[in-house]
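**Student:** Sequence first, then the predicted structure:
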Amino acid sequence: MPTARPLAAPRPTRPTARPARSYSLRRSTASFTATLALVAVLAIDHTAATVHAAQPLGSLGLNDGVPLTVAHRGDPASAPENTLPAVEAALRSGAEVLEIDLRMTADGHAVLFHDELLDRTTDSTGPLATRTLAELQTLDAGSWYGSRWAGTRIPTFDEVLPVLQRSDARALIELKGLWTEEALRPLVAAIYRHGVQDRVVLASFELPTLFQLWREAPSLPRAVIVRRLPDDPAVYAELVGASTIVTSLRSFAVDPEAAAELRAAGFTVIVYTLNRADLWQQALELGVDGVVTDAPRRLAGVHAAARD
């Protein structure tokens with residue numbers, strides 16, 4: 001992990017938000033394809049489509065003109081990613097937002113895990129989705145990171161929710177892969193059972209997953225993740241009622257004003273995954289709402305200094 005240098009003072013001013021531009025009627029290929037894929041579903045269930053879900057992520061709004069720090073997979077600079085120690089370290093780091101990944105086990109349990117395969121971060125191999133929860137909980141998800149962490153388990157979402165509940169943090173929860181309404185139902189129920197529905201945002205690259213979530217829990221905020229902004233990012237997000245767009249910093253290389261324009265149009269804009277001071281500076285100057293990082297303690301310190 002590279003060592004970050006403090007941002008130079010004085011703090012740069014954020015770009016002044018301008019009225020949102022009228023995005024071109026052209027859509028990216030992905031957006032157009034997604035539109036066609038969803039039309040049939042919308043025709044079948046018009047009720048779900050009429051719920052407007054651009055809920056304020058007042059939840060994820062800016063703090064004094066400085067982006068929020070989003071701790072990527074917990075705090076992977078302190079503990080194995082997507083484990084309870086990493087979650088707890090993230091909540092101590094000063095980050096305002098915890099980011100975690102969820103996958104579904106073969107017997108229908110949501111667990112924290114990023115990769116499709118077990119190989120990189122456990123002592124087993126093969127797809128996680130083919131294993132039951134009981135099988136997964138016998139695995140070592142810590143030794144790859146260091147001997148101190150030997151025996152660390154893959155946690156369930158139900159184990160993480162009480163930890164989140166006891167904190168003041170918010171959570172950006174990425175749903176990996178495709179999730180059905182049936183799979184989402186217990187996940188949504190757990191969020192409401194722990195009373196954190198006002199502090200979580202559910203995110204995915206997969207439009208079908210986000211649409212199923214919209215149908216199952218229209219009042220839960222949603223975020224669409226894209227590697228590059230489509231031609232009409234606002235239209236793309238609105239396909240699934242998303243109020244947040246998560247994307248790469250490179251998305252704004254062609255149009256640096258897009259972040260301010262999306263924010264003026266009512267969207268929250270988050271960039272991933274930035275681990276260097278020069279990139280944090282660029283994100284600050286762009287005027288994004290949040291920065292995902294593998295170094296939440298360092299970035300939270302930089303942001304705290306920028307607010308002074």
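**Tutor:** Now that the structure is in, tell me what you want to look at.
**Student:** show me where the chain has helices.
**Tutor:** Taking DSSP state H as the criterion, the chain contains helices spanning 29-44, 46-49, 84-92, 133-136, 157-165, 181-193, 207-216, 233-238, 258-264, 277-286, 296-307.
**Student:** out of the ones you listed, nearest to residue 108?
**Tutor:** Checking the helices of the chain against residue 108 by CB to CB gives helix 181-193 as the closest, at 6.7 Å. Using the backbone N, CA and C atoms, a C-beta is placed for each residue, glycine as well.
**Student:** can you dump the C-alpha coordinates of that closest one into CSV?
**Tutor:** In CSV, the C-alpha atoms belonging to helix 181-193 read as follows (Å, rounded to 0.1, in the frame of the first residue of the first chain):
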residue,chain,number,x,y,z
GLU,A,181,-36.6,-11.5,-5.2
GLU,A,182,-36.6,-14.7,-3.1
ALA,A,183,-33.0,-14.3,-2.3
LEU,A,184,-33.4,-10.6,-1.4
ARG,A,185,-36.4,-11.1,0.9
PRO,A,186,-34.5,-12.3,4.0
LEU,A,187,-31.8,-9.7,3.3
VAL,A,188,-34.3,-6.9,3.3
ALA,A,189,-36.1,-8.3,6.4
ALA,A,190,-32.8,-8.4,8.3
ILE,A,191,-32.1,-4.8,7.5
TYR,A,192,-35.4,-3.7,8.8
ARG,A,193,-35.2,-6.0,11.8
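**Student:** any idea how far it is from the chain center?
**Tutor:** Remark: helix 181-193 is offset 18 Å from the chain centroid, using CA atoms, centre = their mean, to the nearest Å.
**Student:** so what does that helix touch, helix or strand wise?
**Tutor:** Where contact means 3 or more CB pairs under 8 Å, 6 or more residues apart in numbering; DSSP states H and E, helix 181-193 is packed against strand 110-112, helix 157-165, helix 207-216.
**Student:** Run through who's touching that helix.
**Tutor:** With CB atoms under 8 Å, 6 or more residues apart in numbering as the test, helix 181-193 has contacts from 102, 104, 108, 110, 157-158, 161, 179, 197, 200, 212-213, 215-217, 220.
**Student:** Next, the angle helix 207-216 makes with that helix.
**Tutor:** Regarding helix 181-193 and helix 207-216, their directions subtend 60 degrees when assessed with axes from the mean of the first three to the mean of the last three CA atoms, to 10 degrees.
**Student:** Buried residues, helix 181-193. List them.
**Tutor:** Taking 16 or more other CB atoms under 10 Å as the basis for neighbour counts, the residues of helix 181-193 that come out buried are 183, 184, 187, 188, 190, 191.
**Student:** one step back: possible to save the helices and strands packed on helix 181-193 as CSV with mean pLDDT and mean neighbour count?
**Tutor:** As requested, the helices and strands packed on helix 181-193 are arranged in CSV below (pLDDT from 0 to 100; neighbours: other CB atoms under 10 Å):
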stretch, mean pLDDT, mean neighbour count
strand 110-112, 98, 24
helix 157-165, 98, 17
helix 207-216, 97, 21
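**Student:** Distance to residue 118 added to these, as JSON lines?
**Tutor:** JSON lines is the format used below for those (distance: least, CB to CB, whole Å):
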{"stretch": "strand 110-112", "distance to residue 118": "11"}
{"stretch": "helix 157-165", "distance to residue 118": "18"}
{"stretch": "helix 207-216", "distance to residue 118": "21"}
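**Student:** who wins for proximity to residue 253 among these?
**Tutor:** The closest of those to residue 253 is helix 207-216. By CB to CB, the value is 24.2 Å.
**Student:** And the closest one, what does it pack against?
**Tutor:** helix 29-44, helix 181-193, strand 200-204, strand 222-226.
**Student:** Excluding chain neighbours, give the residue nearest to the most centrally placed residue in the chain in space.
**Tutor:** For the chain, the residue sitting closest to the mean C-alpha position, by CA atoms, centre = their mean, is residue 172 at 4.0 Å. When the adjacent residues along the chain are set aside, residue 172 lies closest to residue 99, with 4.5 Å between them (CB to CB, 6 or more residues apart in numbering).
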